[in-house]
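Undergrad: Okay, here's the prediction I keep looking at, along with the sequence it came from:
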Amino acid sequence: MKTQILEKNTPTAIVPTNDQYLKTRQRTLSLCQDLEPEDFVVQPMVDVSPTKWHLAHTTWFFETFLLVPYLKNYQVFHKDYSFLFNSYYETVGKRVLRANRGNLTRPTTKEIYKYREYVDNSILLFFDELEKGNFDVETQAKIKKRLFIGLNHEEQHQELLVTDIKYVLGNNPLFPATKMPIQDFTIFVGSRHAFTSNEEEIQGNFIKIKEGIYQIGFNSENENDFYFDNEKGVHRVFVEEFEIAKNLVTNREYLEFIEAGGYQNFNFWFAEGWDFVKENNLEAPLYWFKENDEWLCYDFNNSENGLQKIDLDAPLCHISFYEAEAYAQFRNMRLPTEQEWEIANEFFEWGKRWEWTRSAYQPYPNFEKDEGALGEYNGKFMVNQLVLRGSSEATAPNHSRPTYRNFFHADKRWQYTGIRLVK
C-alpha cells in the first residue's frame with residue numbers, strides 16, 4: 001500500500017494555485033471511477049449522502065462562496081442548485097432536507113458532471129483575475145481564506161465519499177467488490193529529536209506522560225498553514241500523569257471482547273450504549289459477518305466478492321464511541337481525552353484510524369466564529385458530540401494535523417474509527 005510518511009512537526013503549507021485546485025477536484029472524481037450509474041443515487045441511511053450529491057455540493061461551495069460574490073458577471077449554472085445542494089448553511093437559504101437527498105434522481109449524474117466542469121472553468125478564470133491583481137488587499141485576503149476552506153472542504157467530502165460509498169455497497173446483499181484509490185493516505189510518525197521531558201518512560205506498549213501544564217491548539221507563524229476555526233484558541237491545560245498505548249487496538253484484540261460475551265454483558269456499557277446495542281442487535285463492528293464460525297468483513301478489494309477474511313492484526317475499524325468505551329471497560333482502561341491525545345501524539349504513529357476520545361466537542365477559550373455563512377462551518381455543531389483525533393486511511397493526503405478536531409455523535413460507526421487505550 002502506498003502511503004506518505006510525515007514527521008508530525010513538519011508544516012504543510014497550503015498555496016492556492018490552479019494546479020492544486022485541479023488536483024483536488026480530480027481526486028474527488030477518481031474516487032467514483034469504478035461505480036456504476038445506479039450507485040450514485042442511493043442513500044441507505046440519513047448520515048450517508050448519495051455520491052452524486054457530494055459531487056454537486058462541493059461544486060456548489062466554490063460557486064456560492066467564491067464565484068457569486070467575487071467573479072464579475074458570473075452566471076450561476078442553475079437557479080435551483082443552491083436549494084438542492086446547500087447542506088446546512090441557514091444564512092444561504094432553504095435547502096433539501098438531508099434525509100431526502102436520495103430522492104434526487106434529477107438532475108442526473110451526467111448533468112452534475114457538467115456542473116462541475118462549468119464551475120471549474122469559471123474558477124480558472126477567477127485565478128486569472130487574481131493574478132492580474134484586480135482585487136484590493138483586503139478582498140484578496142478574504143478570497144485566499146475562502147479558497148483554502150473550499151479545498152479542505154472538498155477533501156473532507158472525499159473522505160465522506162469513501163465512507164458513504166462503502167456503506168452503500170457494504171449494505172448491498174451481493175457485497176459487490178470494487179476498487180477504491182485511497183492508498184495515498186498519510187501516516188504521521190513521532191519525530192525522535194522532538195522528544196521532550198514530557199516522556200518519562202516507555203514500558204511495553206505504553207508511554208508514560210508526566211503530569212503538568214501543557215499548551216494545545218493550533219499555533220503557527222506561517223500564514224499559509226491551514227487550520228479550521230475550532231482549532232484556534234491556543235491555551236494551557238493541566239493533565240495528571242497518564243500512560244497511553246503506542247498502538248491501536250487490533251481486530252484480534254477486539255475479537256477477544258466479542259468471544260468473552262462483551263456484547264451481551266451490560267456491565268461494560270453506558271446505559272445509552274446498552275440501549276443502542278439492544279435496539280440494533282449488535283454483536284460485532286460494522287461490516288463484520290459470521291459465516292460457518294468464521295468472521296468475515298466487507299471492504300474494498302479487487303476480488304470477485306467484497307467479503308474477505310478479517311485481518312486479525314490490522315487496526316480495529318468502524319466502531320461507535322459506545323463500543324470503544326465498552327472495550328476500554330473490558331480491559332480495565334479508558335479512552336484518552338483530546339488534550340492527552342494532542343500532548344502525547346508525537347510519541348506514537350497515527351493516521352490509520354480516527355481515534356475516539358473521551359472529550360465532548362466544545363469551543364476552545366476565546367473561540368470566535370467567522371461572520372456570515374462560513375461561521376456555520378463548525379461552531380453550530382458544538383453540542384452532544386465527541387471529539388476524534390488523528391485521521392484515517394480514508395482521509396485525503398496531508399489533510400490532517402495534530403490539532404485537527406473531528407467530531408461525531410456517539411452512535412456513529414460508518415467512519416474509519418478505532419481505539420487507542422489509556423491507563
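TA: Nice, I can see it. Residues are numbered from 1 along each chain as shown.
Undergrad: can we go C-alpha only for contacts and neighbour counts from here?
TA: Noted.
Undergrad: Surely Phe127 touches Asp19?
TA: No. In this structure Phe127 lies outside contact range of Asp19 using C-alpha atoms under 8 Å: 10.8 Å.
Undergrad: When these two are compared, which one has more neighbours?
TA: Taking Phe127 and Asp19 together and counting by other C-alpha atoms under 10 Å, Phe127 has the greater number of neighbours (14 against 11).
Undergrad: Can you give me the distance of that one to Tyr254?
TA: Phe127 sits 50 Å away from Tyr254, going by C-alpha to C-alpha, to the nearest Å.
Undergrad: swap in Lys166?
TA: Counting by C-alpha to C-alpha, the gap from Lys166 to Tyr254 is 22 Å.
Undergrad: quick one: Leu206 and Ala344 touch, right?
TA: Residue 206: Phe, not Leu. No. With contacts counted by C-alpha under 8 Å, Phe206 stays clear of Ala344, the gap being 11.0 Å.
Undergrad: Find the residues that touch each one of those two.
TA: Shared contacts of Phe206 and Ala344, defined by C-alpha atoms under 8 Å, 6 or more residues apart in numbering, comprise Ile244.
Undergrad: All the strands of the stretch 201-350 of the chain, in order from the start?
TA: With strands called from DSSP state E, counting those that start in this stretch, the stretch 201-350 of the chain shows them at 206-209, 212-216, 235-239, 242-245, 288-291, 294-298, 307-309.
Undergrad: export these to CSV and tack on distance to Glu325, mean neighbour count and mean pLDDT?
TA: Output for the strands of the stretch 201-350 of the chain, formatted as CSV (distance: least, C-alpha to C-alpha, whole Å; neighbours: other C-alpha atoms under 10 Å; pLDDT from 0 to 100):
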stretch, distance to Glu325, mean neighbour count, mean pLDDT
strand 206-209, 18, 20, 96
strand 212-216, 24, 15, 97
strand 235-239, 20, 14, 97
strand 242-245, 15, 21, 98
strand 288-291, 19, 14, 95
strand 294-298, 22, 17, 96
strand 307-309, 26, 17, 93
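Undergrad: Compile the ones you listed into TSV and extend it with columns for distance to Glu159.
TA: As requested, the strands of the stretch 201-350 of the chain are exported to TSV (distance: least, C-alpha to C-alpha, whole Å):
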stretch	distance to Glu159
strand 206-209	30
strand 212-216	26
strand 235-239	29
strand 242-245	26
strand 288-291	21
strand 294-298	18
strand 307-309	22
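Undergrad: if we compare those strands, which one ends up closest to His57?
TA: His57 lies closest to strand 294-298 among the strands of the stretch 201-350 of the chain, at 27.7 Å (C-alpha to C-alpha).
Undergrad: partners of that closest one, with directions?
TA: Using DSSP bridges, strand 294-298 pairs in its sheet with strand 288-291 (antiparallel), strand 307-309 (antiparallel).
Undergrad: and those strands as JSON lines, adding distance to Glu155?
TA: Conversion of the strands paired with strand 294-298 to JSON lines gives the following (distance: least, C-alpha to C-alpha, whole Å):
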{"stretch": "strand 288-291", "distance to Glu155": "28"}
{"stretch": "strand 307-309", "distance to Glu155": "28"}
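Undergrad: Quick one, which of those gets closest to Val96.
TA: Here strand 288-291 is closest among the strands paired with strand 294-298 (C-alpha to C-alpha), at 33.1 Å.
Undergrad: what's in contact with the closest one?
TA: 295-298.
Undergrad: swap in stretch 209-219?
TA: With C-alpha under 8 Å, 6+ apart, stretch 209-219 has contacts from 198-201, 227, 231-244, 339, 342-344, 403.
Undergrad: if you set the cut-off to 7 Å instead, what comes out?
TA: The contact list for stretch 209-219 (C-alpha atoms under 7 Å, 6 or more residues apart in numbering) reads 198-200, 231-243, 342, 403.
Undergrad: got the CA positions of it in PDB?
TA: What follows is stretch 209-219, C-alpha atoms only, in PDB (Å, rounded to 0.1, in the frame of the first residue of the first chain):
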ATOM      1  CA  ILE A 209       3.500  11.200  30.200                       C
ATOM      2  CA  LYS A 210       4.200  13.300  33.200                       C
ATOM      3  CA  GLU A 211       1.600  15.400  34.900                       C
ATOM      4  CA  GLY A 212       1.900  19.100  34.100                       C
ATOM      5  CA  ILE A 213       0.700  22.100  32.300                       C
ATOM      6  CA  TYR A 214       0.700  21.900  28.500                       C
ATOM      7  CA  GLN A 215      -0.200  24.100  25.600                       C
ATOM      8  CA  ILE A 216      -2.600  22.800  23.000                       C
ATOM      9  CA  GLY A 217      -4.400  24.300  19.900                       C
ATOM     10  CA  PHE A 218      -3.100  25.400  16.500                       C
ATOM     11  CA  ASN A 219      -0.200  27.800  16.600                       C
END
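Undergrad: what about it, distance to the chain center?
TA: Distance, stretch centre to chain centre, for stretch 209-219: 24 Å (C-alpha atoms, centre = their mean, to the nearest Å).
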